[in-house]
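Student: Give me a 3D structure for the following:
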Amino acid sequence: AGALALAGCAPVLIGAGAVGGYAISRDAIRSHFDVSERVLYDLSRDVVEDFGFVTEEDERRGRFRGEVEGATVTVTVEPVSDRTVQLTVRARKYLMPRIHVAHRVYDAIRDRLGN
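Tutor: Next up, the predicted model:
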């Protein structure tokens, strides 16, 4: 599964976090959580600030960018249903994927949610 995830852009469903696992691609991790959009957005922002700093923010679109370990991290929180939101954490440095950075941020967010 790891080689497949690194070979193409198609997400691969792995793990047991959140609501039924998470999808991983070359530079992003995506998962669903049964929490409010506001709670997940604020918590995600706090995590990025703990590891680095926020550089730009668009609360209306549920997206912000920051710097973590020299990589640009983009976090997007989007509603999927009345009670479920999708979290996407993407990391790149010099246009190259930095999945280990995205995974570190994602894991911290998931841990703080208690999932």
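
Student: just for this structure, where's the confidence low?
Tutor: Applying pLDDT under 70 to the chain picks out residues 1-20, 115.

Student: Tell me where it has helices.
Tutor: Using DSSP state H, the helices assigned to the chain run over residues 2-7, 37-51, 99-113.

Student: Just name the most buried of these.
Tutor: Ranked by mean neighbour count under mean count of other C-beta atoms under 10 Å, those are led by helix 99-113, which reaches a mean of 20. Bear in mind the C-beta positions are built from the backbone N, C-alpha and C, glycine included.

Student: That helix to helix 37-51, inter-axis angle?
Tutor: In terms of direction (axes from the mean of the first three to the mean of the last three C-alpha atoms, to 10 degrees), helix 99-113 departs from helix 37-51 by 120 degrees.

Student: contacting residues around E56?
Tutor: Going by C-beta atoms under 8 Å, 6 or more residues apart in numbering, E56 touches F64, R65.

Student: Show me what it bridges to in the sheet.
Tutor: Note on E56: beta-bridge partners by DSSP bridges are R65.

Student: quick one: it and R90, what's the gap?
Tutor: According to C-beta to C-beta, to the nearest Å, E56 stands 14 Å off from R90.

Student: what's the answer for D111, then?
Tutor: On the measure of C-beta to C-beta, D111 and R90 end up 19 Å apart.

Student: do Y41 as well
Tutor: For Y41, the distance to R90 - C-beta to C-beta - is 15 Å.

Student: D27 too?
Tutor: Distance of D27 to R90, given as C-beta to C-beta: 5 Å.

Student: Can you tell me the centre-most residue of this structure?
Tutor: The residue lying closest to the centre of the chain (C-alpha atoms, centre = their mean) is V89, at 2.1 Å.
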